[in-house]
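> quick one: sequence and predicted model below, then my questions.
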Amino acid sequence: MRSIPLLILVLVFASLALSCSEMIDQPLSERTVRSLTPSEKALASSGNTFGLNLFREIARDPELEGRNMFISPLSVSYALGMTLNGAGGETREAIVNTLELEGLTPEEANESYRSLTDFLVNLDPTVRFQIASSIWYRDDFSVIPSFMDLNRAYFHAEVEGLDFSDPAASETINGWVKDATGGKIESIVPQQIPREAVMYLINAIYFKGAWRHRFDPEKTMDAPFELPGGSEVSCRMMYQKGTFSMSSGQLFSALDMPYGDSLYTMTILLPEEGVTTDEVIHWLNDASWQSVVNGLSPVEIEVYLPRFTLEFERSLKKDLAGLGMGVAFTSDADFSGMTDEKVFISEVLHKTFVEVNEEGTEAAAATSVEISRTSLSPVFRVDRPFVFAIRENRSRTILFIGRIAYPEQR
């Protein structure tokens with residue numbers, strides 16, 4: 001049996017734009033789906049470009065080589081889209097460029113986020129899809145009212161001030177995230193909120209869809225799965241034979257598997273023998289992704305797909321800075337549309353969950369943008385390995401010297 005390289009699971013909403021001629025078992029409901037507006041199409045295209053850029057940037061991290069990855073570009077885009085409403089000057093330009101929103105005015109971008117939300121949530125009654133947004137701020141932090149109004153109006157954001165010094169604040173925020181992700185992501189902010197943190201802008205996404213053509217559990221068997229280094233592990237391999245959309249290229253073969261009414265799909269890119277997933281990821285961009293989608297055509301095929309469950313967590317600060325958003329993470333950040341105080345983005349935390357089995361797929365994501373005050377005095381935070389010495393001042397004799405790589409305690 002041919003060995004199977006590590007699968008890349010790409011859940012990208014470009015599949016929503018497939019034409020009727022590209023669908024399998026065309027559903028009646030597809031004929032009643034409204035067309036996207038030009039601004040919605042621009043936002044979806046920008047989101048895909050941003051998402052693929054972010055995916056490639058994360059994959060460059062040597063620590064993730066040969067390891068699982070799973071992100072929701074849509075969730076990150078929504079969280080940063082809310083943040084964008086408070087940004088000005090060079091900071092706003094950096095976020096706009098990173099999100100690939102250059103072709104949209106602020107009003108068009110906001111309106112498109114709102115209408116795209118309504119479109120996606122109400123698209124397929126057989127698939128459960130939710131997008132929720134919220135803003136939580138320290139109750140003594142001065143927020144410009146128009147900033148909150150914009151995010152309420154266009155992102156349906158819940159807005160609430162809390163006493164961040166009270167541990168109950170993190171319980172409230174994390175409880176909201178857990179509810180919004182179907183219980184799959186239990187927390188996104190720390191139990192003790194940092195003193196400097198004054199606001200969290202959070203997006204949560206939940207997806208649950210049954211395969212249009214479900215796998216028979218009786219046909220699921222133990223089978224080998226080849227790891228990047230060439231060794232093998234055993235997995236539970238699902239099986240079915242049917243007609244699915246597929247395309248082939250020099251680097252990989254693509255398979256499109258529909259959920260529910262065929263309006264949501266999973267697109268799997270399987271590298272050819274001798275091709276790594278890194279090579280496939282490096283090749284991906286908006287144009288190449290569109291070529292994959294446009295090249296899909298129906299074929300009768302036997303499908304073997306492993307069952308899997310994955311949880312992924314990552315700070316996106318380094319990745320977003322690498323895409324050009326670095327100024328937003330510094331004391332030079334301009335969020336004058338959010339507050340009269342000097343603040344910056346101190347963290348962008350992203351968590352995801354996905355489970356694929358015979359019934360279908362359940363996936364969730366949460367993205368938190370942490371806003372902190374810019375300190376007016378120097379900060380010396382010993383939060384990484386350090387060297388220290390014990391010495392006598394008059395003779396300047398060093399009595400002890402050492403390095404702390406990990407602060408063990410007795």
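Right, received. Where do you want to start?

> so residue 102, which of the three states?
coil (DSSP: H, G, I helix; E, B strand; the rest coil).

> give me the distance between the closest residue in space to it that isn't next to it in sequence and residue 86.
Excluding its sequence neighbours, the residue lying closest to residue 102 (Cβ to Cβ, 6 or more residues apart in numbering) is residue 96, at 6.1 Å. All C-beta spots, glycine's among them, are computed from the backbone N, C-alpha and C. As judged by Cβ to Cβ, to the nearest Å, residue 96 and residue 86 stand 13 Å apart.

> same thing with residue 340?
Applying Cβ to Cβ, the value for residue 340 to residue 86 is 11 Å.

> neighbour count winner among these two?
residue 86 (27 against 10; other Cβ atoms under 10 Å).

> residue 385 against residue 407, yeah?
No: using Cβ atoms under 8 Å, residue 385 is not in contact with residue 407, being 9.3 Å away.

> might you list the low-confidence residue ranges for the protein?
Scanning the chain for pLDDT under 70 picks out the ranges 1-32, 376-381, 383, 392, 395, 408-410.

> can we see that at 50?
Along the chain, the parts satisfying pLDDT under 50 run over 1-31.

> can you tell me which helix in it is longest?
helix 38-59 (DSSP state H).

> what packs against that one?
For helix 38-59, the packing partners by 3 or more Cβ pairs under 8 Å, 6 or more residues apart in numbering; DSSP states H and E come out as helix 73-84, helix 106-121, helix 277-283, helix 286-294, helix 317-320.

> so which of those is the most surrounded?
Across the helices and strands packed on helix 38-59, the average number of neighbours (mean count of other Cβ atoms under 10 Å) peaks for helix 73-84, which reaches a mean of 25.

> please export the C-alpha coordinates of the helix or strand that it is followed by as PDB.
Later in the chain than helix 73-84, the nearest helix or strand by DSSP states H and E is helix 89-98. Extracted in PDB, the C-alpha atoms of helix 89-98 (Å, rounded to 0.1, in the frame of the first residue of the first chain):
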ATOM      1  CA  GLY A  89      -1.500  56.600  11.000                       C
ATOM      2  CA  GLU A  90       1.300  54.100  10.300                       C
ATOM      3  CA  THR A  91      -0.300  51.500  12.700                       C
ATOM      4  CA  ARG A  92      -3.600  51.500  10.700                       C
ATOM      5  CA  GLU A  93      -1.600  51.200   7.400                       C
ATOM      6  CA  ALA A  94       0.400  48.300   8.700                       C
ATOM      7  CA  ILE A  95      -2.800  46.400   9.800                       C
ATOM      8  CA  VAL A  96      -4.600  47.200   6.600                       C
ATOM      9  CA  ASN A  97      -1.600  45.900   4.500                       C
ATOM     10  CA  THR A  98      -1.200  42.800   6.600                       C
END
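
> who touches helix 89-98?
Outside helix 89-98, the residues within contact range by Cβ atoms under 8 Å, 6 or more residues apart in numbering are 50, 80, 83-84, 87, 102, 320, 323-328, 332-337.

> buried ones among those?
Taking 16 or more other Cβ atoms under 10 Å as the criterion, what is buried in the contacts of helix 89-98 is 50, 80, 83-84, 87, 320, 323, 325-328, 333-337.

> center of this protein - which residue?
Nearest to the mean C-alpha position of the chain, by Cα atoms, centre = their mean, lies residue 72 at 2.7 Å.

> how far away is that residue from residue 135?
For residue 72, the distance to residue 135 - Cβ to Cβ - is 19 Å.

> equivalent analysis for residue 306, please.
For residue 306, the distance to residue 135 equals 39 Å [Cβ to Cβ].

> which of the two has more neighbours?
Neighbour totals were compared for residue 306 and residue 135, and residue 135 leads with 25 against 14 (other Cβ under 10 Å).

> my guess is the more buried one contacts residue 159, does it?
Yes: with contact defined as Cβ under 8 Å, residue 135 counts as touching residue 159 (4.7 Å).

> need the overlap of contacts for these two.
With Cβ under 8 Å, 6+ apart, residue 135 and residue 159 have common neighbours 148, 151.

> tell me the secondary structure of the residue nearest to the residue nearest to the centre of the chain when sequence neighbours are not counted, please.
Ranked by Cβ to Cβ, 6+ apart and with sequence neighbours excluded, the top spatial neighbour of residue 72 is residue 365, at 3.3 Å. Here residue 365 is recorded as strand under three-state DSSP.

> thought residue 365 was touching residue 182?
No: if you go by Cβ under 8 Å, residue 365 and residue 182 don't touch, sitting 11.1 Å apart.

> more neighbours: which of the two?
residue 365 (29 against 17).

> let me see the contact set for the more buried one.
71-72, 74-75, 181, 185, 203-205, 350-353.

> among the residues you listed, name the ones in helices.
In this view, these that belong to helices under DSSP H are 74-75.

> can you lay out the contacts of residue 365 as CSV showing distance to residue 254?
Formatted as CSV, the contacts of residue 365 follow (distance: Cβ to Cβ, whole Å):
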residue, distance to residue 254
71, 19
72, 20
74, 21
75, 24
181, 28
185, 29
203, 28
204, 29
205, 24
350, 26
351, 28
352, 22
353, 24
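
> of the contacts of residue 365, which belong to strands?
Among the contacts of residue 365, the residues falling in strands (DSSP state E) are 203-205, 350-353.

> and of these, the nearest to residue 131?
residue 205 (5.6 Å; Cβ to Cβ).

> right, and the closest one touches residue 74 too?
Yes: here residue 205 lies in contact with residue 74, judged by Cβ under 8 Å, at a distance of 6.3 Å.

> okay, and the common contacts of these two?
Counting by Cβ under 8 Å, 6+ apart, the residues touching both residue 205 and residue 74 are 131, 365.

> now the strands for the stretch 201-350 of the chain?
With DSSP state E, counting those that start in this stretch applied, the stretch 201-350 of the chain shows strands at 221-226, 232-248, 252-259, 264-271, 297-306, 308-315, 343-356, listed in chain order.

> gap between residue 393 and residue 399?
11 Å.

> any idea which element residue 199 lies in?
strand 197-210.

> show the secondary-structure elements that that strand is packed against.
The helices and strands touching strand 197-210, judged by 3+ Cβ pairs under 8 Å, 6+ apart, are helix 73-84, strand 128-138, helix 167-180, strand 343-356, strand 360-373.
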